[in-house]
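Engineer: need the 3D shape of this:
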Amino acid sequence: MPSTSSLVNTLQRDFPQFIFTAANDFRWSTVEQRIFYTSNLNNDPYLLHELAHGLLNHSHYKRDIQLLEMERDAWNYATSTLSKRYSIQIEEEVVQDSLDSYRDWLHARSTCPYCTAVGIQTHIKQYSCLACNRKWLVNDARACALRRYKIK
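Structural biologist: Next up, the predicted model:
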C-alpha cells in the first residue's frame with residue numbers, strides 16, 4: 001500500500017479538479033471543491049471516501065437522513081470503484097464504524113427531549129415526536145456537541 005502522501009500526489013494528478021489539503025480531520029467541501037485529509041497511518045480508506053463525495057457531487061442535504069444516504073453512497077463508491085483502482089483494501093468494519101457514527105448522530109437528533117421516543121424531522125432543523133406530539137430544534141452538531149432545544 002502506498003503512503004498517504006504518495007496517494008495524495010496520485011489523486012491530485014488523477015483529479016485536478018479537486019484541491020487536496022492536509023488538515024486535522026477528513027471532510028469534503030463542496031463550495032471549495034476541496035478534500036481535507038490527515039496523514040495518519042491507515043487513513044487511505046477515508047481519503048478515498050472523501051474523494052468519492054467529490055466525484056458523486058455531494059453537496060447539501062435538506063433532511064438528516066439524506067446525509068446518511070450520501071455517506072453510504074460515498075463508502076459504496078470508494079469500496080466498489082476507487083479501492084480497486086488504487087489497490088487499497090477498505091475493511092467492512094471501517095465502513096460500518098463510520099456509518100454507525102452517522103446513525104448514532106441521527107438517532108440522537110431524533111430522540112424526543114420530552115419523552116425520549118423517536119421523532120421525525122419536519123423541517124431542516126426541527127423534529128416532531130410521534131408519541132407526545134411535541135417539537136424541538138437541533139443544531140448542526142456534526143463536529144460539535146448535539147443540542148436539542150425544546151419549543152414552547
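Engineer: show me this protein divided up by domain.
Structural biologist: 4-107, 114-150 (automatic domain parsing).
Engineer: reformat these as CSV; add mean pLDDT and mean neighbour count.
Structural biologist: From N, CA and C alone the C-beta is placed, and that goes for glycine too. Formatted as CSV, the domains of the chain follow (pLDDT from 0 to 100; neighbours: other CB atoms under 10 Å):
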stretch, mean pLDDT, mean neighbour count
domain 4-107, 95, 15
domain 114-150, 88, 14
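Engineer: where along the chain do the helices fall?
Structural biologist: 4-14, 44-55, 64-77, 83-85, 92-110 (DSSP state H).
Engineer: and those as a markdown table, adding distance to residue 37?
Structural biologist: What follows is the helices of the chain, written out as a markdown table (distance: least, CB to CB, whole Å):
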| stretch | distance to residue 37 |
| --- | --- |
| helix 4-14 | 7 |
| helix 44-55 | 5 |
| helix 64-77 | 14 |
| helix 83-85 | 16 |
| helix 92-110 | 14 |
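Engineer: now for those helices, which one comes closest to residue 20?
Structural biologist: Between residue 20 and those, the shortest gap by CB to CB is with helix 4-14, which sits at 5.2 Å.
Engineer: using PDB, write out every CA atom in that closest one.
Structural biologist: Extracted in PDB, the C-alpha atoms of helix 4-14 (Å, rounded to 0.1, in the frame of the first residue of the first chain):
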ATOM      1  CA  THR A   4      -0.900   8.600   2.200                       C
ATOM      2  CA  SER A   5       1.400  11.300   0.800                       C
ATOM      3  CA  SER A   6       2.100   9.400  -2.300                       C
ATOM      4  CA  LEU A   7      -1.600   8.500  -2.700                       C
ATOM      5  CA  VAL A   8      -2.500  12.200  -2.300                       C
ATOM      6  CA  ASN A   9       0.100  13.000  -5.100                       C
ATOM      7  CA  THR A  10      -1.500  10.400  -7.300                       C
ATOM      8  CA  LEU A  11      -5.000  11.600  -6.600                       C
ATOM      9  CA  GLN A  12      -4.000  15.200  -7.300                       C
ATOM     10  CA  ARG A  13      -2.700  14.100 -10.600                       C
ATOM     11  CA  ASP A  14      -5.800  12.000 -11.400                       C
END
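Engineer: nice, that's everything, thank you.
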